[in-house]
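> how does the following fold in three dimensions:
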Amino acid sequence: MEFRSRDYRTEKESHALPRLRADAHPLSPPPPLLQQVNVVVDAGNADFFDPLRGGINNDAEANPPEPGNLNEVAGDPPMKEWTSFRRLLMQRFPVSKMVSLSSMPDVLMRSGKSHDKSSTSMHLEELDDPQKFADEGVKVITWQDYVSRLQELKDEITRSWLADDRVTSLKLSIKVAKLLVDTSVSEFYPTLFVLVTDIMDMIGDLVWKRIKQKAEFTEDGTLLCNLAENFEASSICADAKETCYNWFSKIGAVQDLLPRIYLEMALLPCWRFLLDQPTDSLQRLVMMTRGLGDPVASAYCRLYMAHCAQKLPSHDIGYLVTCVNDLRVILTQALAANESTLGHFKNNKKLQISLMEPTIEYIMKCIFSGLSQRRVNEVLSELGLLKNQKNFETVPCVSVVLHHLLKELPIEVVSSNVVNILHLIEFNKDTSFHQHLNYRLLGFRLYEGKCPVNIVNAVLDKVMQIIVPYESLDEYLSVVDAYVDLILQNHMNNHLDIILRGISERASNGGITVDEMSSLQSLLMKLLSHFECLEDVFCLNHFPEILDVMHGKSQDVVFLYILNMAMRSGHIRDPTSIQLLSEISQALHDNMEFTNKDDDGQVARSVSRFVHMVDYGTEMESHLAFLVDCRANFGRFNELKETLVHSSNSLAIQSLKCTKKDLSFFKSCVTFSEVTIPSISGQRQFDLFLETAEVAFLGGLVSHVDGLIDSGIGCLHGFRTPADVEGLVSSIRKLCSFLIMVPGNTSVPVTYFPNNLYTLISSQSWFDPKMRTRIFSAILLLLTTLSQKTMPYHANTQIPGNDMLYYGDLSYKQELVSLSKVVLENLLFAVQEEPSQAARGSMALEACNCIASSFLLSNELSSTCLKLIGTAKSCLSAQDRCLQSTIQLVNKQLPDFARTMSTSV
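Residues are numbered from 1 along each chain as shown. Sure, this is the predicted structure:
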């Protein structure tokens, strides 16, 4: 076996492509040809839909929806809003497993399972709310049974209706509506309201359809007319009107007020069959609701009225304004009344108001939906808010009503009356709603509009004065969080300083709760998002002190944002910033045990990027000291250790480029990397050992190179099946390329490293035949290259290569040939081991190319090449280009066998 001699310079010149000057850079964009592009687009298939262009032409060409299909296309907005509101209402008041009732209605006794509370359960619930369960004989029913019974009643009503037993349907409907009289169910009442009004809507629809059918058809089914959407009462036949009168008469005969109101509201659209102005009935219904004594029941009754009125073609909102005024009066009385007069809510005003709040919210939305500017002013006047703008103490209002009014007012109205609204909030302080939340809402609404700076400044001055007495950090943060955007937008640094000082003082007085920490996080994130330069944020008064009091998840979010923000502007060179960011990174690292794996990865990546972006410039000793500190402080970050090695190696290379080369510093960097790499787990160890060996070789540290390569090969012994097989094979082949430059060590055999590598691959069972073929081929090419008189490349001219160290040494080549025989034998065996036919053919060609490129083809090697080509022919297509080029290569090496290995297979 004899190595084939190579003339690398001649081969390079023969394979070099001729260079010609180009008119334009190959990567430069071509000049835009807009006219041609348009022609191509227009000439394309008209059926093709381009999502980026379709919005322009397709919208214009699309057919408008038919009037009858409008509901299918977009749905009825008020009804969709009502459906969404009902769902949110039920979510807002979650229901416990058991529902407590002051008395069990007969309508629930039929199948609902009720029972007296056991002494144990009574005692446990008394611990939560002693007054609520103080009365004896309290009944309970599971909410599942309650809901199930209501569903049964709904089905009974439907069956009775279909059986023409409408009297039974009406009686059952009355009983269902009567369930809303009992508000002792507390948090279950909103859910009960949703379930009952669903049945009321159903009975209303059934009655509407029956009367409409009578208006359009005779008893025998003859068509009388098709009622238009905006039909008039005069077009309705007498029979249909009589049926309608009959229904309203039956409902008017209901003795109990609340079910009578609910049923008439359910049938409210049916007034259109009798009156051209059915909205006149709304004011009468509003007056009727004043007869309801229970505040919660009356509030929800008005809520259902607002919903039912949406079904009318048109209606004035005057009745809704009256409802709001009535609710304001009820709340005022409830807030001022003695506790003993509040019935079931005598010890729980907050619960009563929280139950009533959604009704105010929905009614306010109905009032201001699509309202004109002129009408808005009229509504405000009717609500009594424009009567006396000089003395706001006399303006009648309740905080919870004011809150939802402010939420729904058009932004133009808020902007033009912001000072008056501010005074209104100031002089309306009651327990129905937290006053600071109204100040907070005003801040958000003010930010929506375009107010003059002088008005914004006046509002902020007033708000800052008002919140000074706030001792609670939560309330203080809640308000200032809403105004910080305005402050930053208008560059009001004095107000920003006041806010930060106020936060710092209140935070230092005691511990910060979870809610306060969440609000503080929101405010700081807004603050950080406003500034582009991190140094500007750190220069703010009290900002570092506020950072010091943060903890938990909020601290991690803010610190992580600061860390990422610092890296936007490129390298970090300021020592103060580096120190502060190091402390932030340390806090994130220490909090890792309390975070999930996803957050761990994000933190590790950010800290690693921070370390990578640090640049001490010419102070390279300080930079290395920084890396040493990072290794000690961030032990959990495996990814960071890789960054530390990369940074250390980069420092070493930088030191070589300096005019005064400091070899001791270079050794320190290489030693740092060498010590750090073993603590890194996984396949990256091998890559980093190889990288560090290459750096050490550039600096002339040959002894370090040998140790690093030895460690790299040794770390492969502990591997099992790696995740990145291709990456590992590529790295091992890269090592073979690097070993060409590494001079031999006289204390070990010439083939020490190639032999160690071969032994490792042969001993590890997880190296499959395909991997072995590629690695053994690389080892053979390495041995062939080492046998040449001249090496193909050198990285450090001061380090002699093996071509100089072993020039003319026959034993050197004998060692290379000896190892080559062993490797070649195992290479051929690996090819035959491959079970996949296609893969085996490719591996045979790779082995054949390797042999033909490395050795002079003797009879034995020629026979081997022929067998490998025969294997490839049996596994691959005759037209395979790799097969054809391999045959040509072998033909070139063996002209005598050209006839045997014809390319025409």
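> helices along the stretch 401-550 of the chain, start to end?
Along the stretch 401-550 of the chain, the segments classed as helices by DSSP state H, counting those that start in this stretch run 411-416, 418-426, 435-448, 453-467, 473-489, 493-508, 514-530, 534-538, 543-549.
> got a markdown table for those, with mean pLDDT, mean neighbour count and distance to Leu108 too?
Any C-beta I mention is one placed from the backbone N, CA and C, and that applies to glycine too. Formatted as a markdown table, the helices of the stretch 401-550 of the chain follow (pLDDT from 0 to 100; neighbours: other CB atoms under 10 Å; distance: least, CB to CB, whole Å):
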| stretch | mean pLDDT | mean neighbour count | distance to Leu108 |
| --- | --- | --- | --- |
| helix 411-416 | 89 | 16 | 47 |
| helix 418-426 | 88 | 19 | 44 |
| helix 435-448 | 93 | 20 | 38 |
| helix 453-467 | 92 | 16 | 50 |
| helix 473-489 | 93 | 22 | 43 |
| helix 493-508 | 92 | 18 | 52 |
| helix 514-530 | 91 | 18 | 40 |
| helix 534-538 | 86 | 16 | 62 |
| helix 543-549 | 89 | 17 | 54 |
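> so for Gly714, which of the ones you listed sits nearest?
Set against Gly714 and scored by CB to CB, the helices of the stretch 401-550 of the chain come closest in helix 534-538, at 43.9 Å.
> who touches that closest one?
527-528, 531, 543-544, 562, 565-566, 574, 577, 580 (CB atoms under 8 Å, 6 or more residues apart in numbering).
> and the furthest pair within the residues you listed?
Leu527 and Asp574 (20.1 Å).
> and the helix or strand where Ala632 lies, what other elements does it pack with?
Using DSSP states H and E, Ala632 falls within helix 620-633. Using 3 or more CB pairs under 8 Å, 6 or more residues apart in numbering; DSSP states H and E, the elements in contact with helix 620-633 are helix 575-590, helix 638-657, helix 663-676.
> how about these, which one is nearest Asp481?
Per CB to CB, nearest to Asp481 of the helices and strands packed on helix 620-633: helix 575-590, 22.4 Å.
> which residues are contacting that closest one?
534-535, 538, 555-556, 559-560, 562-563, 566, 572, 603, 606-607, 610, 614, 626, 629-630, 633-634, 636-637.
> in ChimeraX, select just the buried ones from the residues you listed.
The ChimeraX command for the buried members of the contacts of helix 575-590 (criterion: 16 or more other CB atoms under 10 Å) is given here:
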select :534,538,555,556,559,560,562,563,566,572,603,606,607,610,614,626,630,633,634,637
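> so which of the helices and strands packed on helix 620-633 is nearest Met288?
helix 575-590 (63.1 Å).
> what's the angle from the closest one to helix 620-633?
Per axes from the mean of the first three to the mean of the last three CA atoms, to 10 degrees, the angle that helix 575-590 makes with helix 620-633 is 20 degrees.
> chain center to helix 575-590, what's the gap?
Chain-centre distance of helix 575-590: 26 Å, with CA atoms, centre = their mean, to the nearest Å.
> likewise stretch 463-479?
The gap between where stretch 463-479 is centred and where its chain is centred comes out at 32 Å by CA atoms, centre = their mean.
> what's the first-to-last distance across it?
One end of stretch 463-479 to the other measures 9 Å (CA to CA, to the nearest Å).
> give me the contact list for it.
Applying CB under 8 Å, 6+ apart, the external contacts of stretch 463-479 come out as 422, 426, 434, 436-437, 439-440, 443, 480, 483, 495, 498-499, 502-503, 506-507, 509, 512-513, 515-516, 519-520, 523.
> one step back: same list (the contacts of helix 534-538) but as JSON lines, adding distance to Gly699.
Shown next, in JSON lines, are the contacts of helix 534-538 (distance: CB to CB, whole Å):
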{"residue": "Leu527", "distance to Gly699": "47"}
{"residue": "Leu528", "distance to Gly699": "42"}
{"residue": "Phe531", "distance to Gly699": "43"}
{"residue": "Phe543", "distance to Gly699": "44"}
{"residue": "Pro544", "distance to Gly699": "42"}
{"residue": "Ile562", "distance to Gly699": "37"}
{"residue": "Met565", "distance to Gly699": "37"}
{"residue": "Ala566", "distance to Gly699": "32"}
{"residue": "Asp574", "distance to Gly699": "30"}
{"residue": "Ser577", "distance to Gly699": "31"}
{"residue": "Leu580", "distance to Gly699": "34"}
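> nearest to Ser731, of the residues you listed?
Among those, Ala566 lies closest to Ser731 (CB to CB), at 33.3 Å.
> do you know the pLDDT at that closest one?
On pLDDT, Ala566 comes in at 88.
> change the start of the numbering to 572 and stick with it
Understood, numbering begins at 572; the last thing we discussed is Ala1137.
> shouldn't it be in contact with Arg1180?
No: Ala1137 is beyond contact range of Arg1180, at 9.7 Å (criterion: CB atoms under 8 Å).
> ok, which of the helices of the stretch 972-1121 of the chain comes nearest Asp736?
Closest among the helices of the stretch 972-1121 of the chain, using CB to CB: helix 1006-1019, at 51.8 Å.
> packing partners of that closest one?
If contacts are counted by 3+ CB pairs under 8 Å, 6+ apart, helix 1006-1019 sits against helix 970-979, helix 982-987, helix 989-997, helix 1024-1038, helix 1044-1060.
> what does the first one contact?
Okay, so that is helix 970-979. Here helix 970-979 makes contact (CB under 8 Å, 6+ apart) with 895, 898-899, 902, 924, 927-928, 931-932, 935-936, 938-939, 954, 956, 985, 992, 995-996, 999-1001, 1003-1006, 1008-1009, 1012-1013, 1016.
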